[in-house]
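Sequence and computational prediction follow.
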Amino acid sequence: MELRHILIAPNAFKETFSAGEIGQLMASSVRNVLPETTCMISPIADGGDSTIEAVHQGADGELIPCKVIGPYRKVIASHFLRLDATSGLVEMALSSGLALTEENERNLREATSYGLGQLIKAAIDLGLERIYVGVGGSATNDCGIGMAQALGVRFLDDDGKDIMPPDGGFLAAEDLPRVRSIDTTTSDRLLEGRKIIIASDVDNPLLGQNGATAIYGPQKGGDEETLHRLERWLEHCATIVERHCQEEYRNVPGAGAAGGVGFGLLALCHATVEPGFGVVAKLIHLQEKIGQADLILTGEGRIDGQSAMGKAIAGLGKSAGGKPVIAIAGTIGEGYERLFEKGISCIGYLHHPDTPFDPARVKEETPALLERLLSQLLSISKKDGIAPLKGKTVFVGDRQ
C-alpha cells in the first residue's frame, strides 16, 4: 500500500494531551517509520475540549483573549476564536469546563455557567453575528442560568426582584428553585440579529433518565441526593422559562447538553443545534483533507461504546468514504468494537484497560509506546495494505 500522504486527525486525550499535542507525537512517530511520507496534522473535535484548538489549527482565525468567571467564581484567563469579520467560535470548556476544576472542589449546586455567557457577550460586542458555541466538557448543571444572567436575562423572585446569590454575584443551580419569573428585555436586545449555533455531540433531553442530570451529573461530582434535587430544580426552572417563551424546549434533542445549557441557549438565545463534529469538520474543510490522504490516523484517550455515538472519531470514520482509518486509543473500554461499523479499520491501544489511570505516568510513557505501536501498524499497512488489520484491535507489543 502506497503511503505518500497521511492525514493525522486525532481528538484530545483527556487529562493528558490536547489534540494538537497528540497529533505532533503521531507525526513524529510516522516520520521515524516512514521518513518520505508527508503528514498533514488537522486535529478534530466534537464541541468539547480542544474544539477551538482544532478549528484554529485547521482553519486559522484570530484568538481573542478574555477574562471570565470560572465554574467556581474565580477569575480565569480564557479566549474565543474570531473566524472572520462576522462569525466566531466559543468553547464552554474554556470558561465553565470540568478540566478547570479540582476533583475535591466539585459541587454541582454551586457551579455556574456565567463565564460562558461572558464569552458569548464578548463575541457579540466584537460585532460577530454568527456564533458557534461548543458545549462539551462542562462542569455545570445549572440549566444555563449563569450563562443567561451574563447575557442580561433577569431572574426574579416572588416579589419581582432580581435573585441575588449569597455571594452577591453569579447565579448557579442552587438559585433555580427561587425563580418565579424572568425578564428578557435586555438579552433580547443584545441578541437581536445574532445567530447562535450549539455545537454538541449529545442529543439528550433536559430531564428524565436520559437527561442532563441523570446521565452527566455523576461524573461532575453529584451524589444521589444532589442529583435528585437538581432534577427538581431544572424542571422548575424549565417550566418558568417555557411559560415565558410560550414554547416547550425541554425535549428538544440537545436540551440536556452541558447540564442544561443547551436548554438555556435554545429557549433564551433562540439557538439551533448542530452535531459538534459536523460543525468542526465544516470549519476546517476536513473533507478536502481526507481526499488528499492515502491513510488517516485518528484517536482519543479512551475508545469505548460512547465513541461510536456522535463522537468525533466516529464522525471521521463515516466521513472517510472507505479510506483506511487507524484509530489509536490511550485505552479501550466496553463496546469499542462498534467503531468498526463506523468506518474505522483498525484500533490500536497503548495502555491495558486494567491498569489504573495515572495522568503523569501516561504522559511519560505515551511517546515511546505510540512510536512502537505505529511502527507495527504502519509497517504492516505499507507491506500488505490495510486488509490484515481490518476489524482488528492491536495492543502495543502484540505480534501480528
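Good, I have the coordinates. Numbering: from 1, shown residues only.

CA only for contacts and neighbour counts going forward, please
Will do.

And the helices in the stretch 1-150 of the chain, which stretches?
Taking DSSP state H, counting those that start in this stretch to define them, one finds helices in the stretch 1-150 of the chain at 19-33, 51-59, 93-96, 114-125, 145-150.

elements contacting the third one?
Which is helix 93-96. strand 75-82, helix 114-125 (3 or more CA pairs under 8 Å, 6 or more residues apart in numbering; DSSP states H and E).

Determine which stretch of those is the most buried.
By mean neighbour count, with neighbours taken as mean count of other CA atoms under 10 Å, helix 114-125 ranks first of the helices and strands packed on helix 93-96 at a mean of 24.

just to revisit the earlier point, same list (the helices of the stretch 1-150 of the chain) but as CSV, adding mean pLDDT.
Shown next, in CSV, are the helices of the stretch 1-150 of the chain (pLDDT from 0 to 100):
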stretch, mean pLDDT
helix 19-33, 95
helix 51-59, 93
helix 93-96, 97
helix 114-125, 98
helix 145-150, 98
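
Nearest to Ala281, out of these?
Of all the helices of the stretch 1-150 of the chain, it is helix 51-59 that lies closest to Ala281, at 8.6 Å by CA to CA.

Check which residues of that closest one are buried.
Judged by neighbour count using 16 or more other CA atoms under 10 Å, the buried positions of helix 51-59 are Thr51, Ile52, Glu53, Ala54, Val55, His56, Gly58, Ala59.

The fourth one against Asp46, yeah?
No: using CA atoms under 8 Å, Ala54 makes no contact with Asp46, being 9.7 Å away.

can you list residues touching both of the two?
Val280 (CA atoms under 8 Å, 6 or more residues apart in numbering).

In JSON lines, list the helices of the stretch 1-150 of the chain along with distance to Val241.
Formatted as JSON lines, the helices of the stretch 1-150 of the chain follow (distance: least, CA to CA, whole Å):
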{"stretch": "helix 19-33", "distance to Val241": "37"}
{"stretch": "helix 51-59", "distance to Val241": "29"}
{"stretch": "helix 93-96", "distance to Val241": "22"}
{"stretch": "helix 114-125", "distance to Val241": "17"}
{"stretch": "helix 145-150", "distance to Val241": "10"}
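
which stretches of the protein have low pLDDT?
For the chain, the stretches flagged by pLDDT under 70 are 167-168, 397-400.

okay, now the domains of it?
As given by automatic domain parsing, the domain ranges for the chain are 5-44+286-395, 51-277.

Just the terminal-to-terminal distance for the shortest one.
Right, the one you point to is domain 5-44+286-395. The first and last residues of domain 5-44+286-395 sit 25 Å apart, counting by CA to CA, to the nearest Å.

same thing with the longest one?
With CA to CA as the measure, the ends of domain 51-277 fall 9 Å from one another.

Make residue 1 into 52 and carry on from there
Sure thing, new numbering starts at 52, so read that last one as domain 102-328.

just how off-centre is that domain within its chain?
Distance, stretch centre to chain centre, for domain 102-328: 14 Å (CA atoms, centre = their mean, to the nearest Å).

Not counting its neighbours along the chain, what's nearest Glu286?
Leaving aside its sequence neighbours, Glu286 sits nearest to Leu258 (CA to CA, 6 or more residues apart in numbering; 7.0 Å).

My reading is that the one you found lies in a strand. Confirm?
No: counting by DSSP: H, G, I helix; E, B strand; the rest coil, Leu258 falls outside a strand, being coil.

Verify the stated contact: it with Trp284.
No: using CA under 8 Å, Leu258 makes no contact with Trp284, being 10.4 Å away.

Is Ala150 in contact with Gly187, as I believe?
No: between Ala150 and Gly187 there is no contact under CA under 8 Å: 11.1 Å.

Neighbour count: these two, which is higher?
Gly187 (27 against 16; other CA atoms under 10 Å).

In this structure, where's the longest helix?
helix 410-435 (DSSP state H).

now the angle from it to helix 70-84?
Interaxial angle, helix 410-435 versus helix 70-84 (axes from the mean of the first three to the mean of the last three CA atoms, to 10 degrees): 40 degrees.

In terms of helices and strands, where is Glu339?
Using DSSP states H and E, Glu339 sits in helix 337-342.

Just the buried residues of that helix, please?
When neighbours are counted by 16+ other CA under 10 Å, the buried residues of helix 337-342 are found to be Leu337, Lys340, Ile341.

Now those in TSV, please, with extra columns for distance to Ile115.
Compiled in TSV, those are given as follows (distance: CA to CA, whole Å):
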residue	distance to Ile115
Leu337	24
Lys340	27
Ile341	29
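
The spatially most distant residue from the centre of the chain in helix, strand or coil?
Relative to the mean C-alpha coordinate of the chain, counting by CA atoms, centre = their mean, the farthest residue is Asp210 (39.0 Å). Assigned with three-state DSSP, Asp210 falls in the coil class.

contacting residues for the closest residue to Asp193 other than its chain neighbours?
Nearest residue to Asp193 in three dimensions, chain neighbours excluded: Ala224, at 4.1 Å (CA to CA, 6+ apart). Residues in contact with Ala224 (CA under 8 Å, 6+ apart) are Leu159, Arg160, Glu161, Ala162, Thr163, Asn192, Asp193, Cys194, Ile196, Leu281, Trp284.
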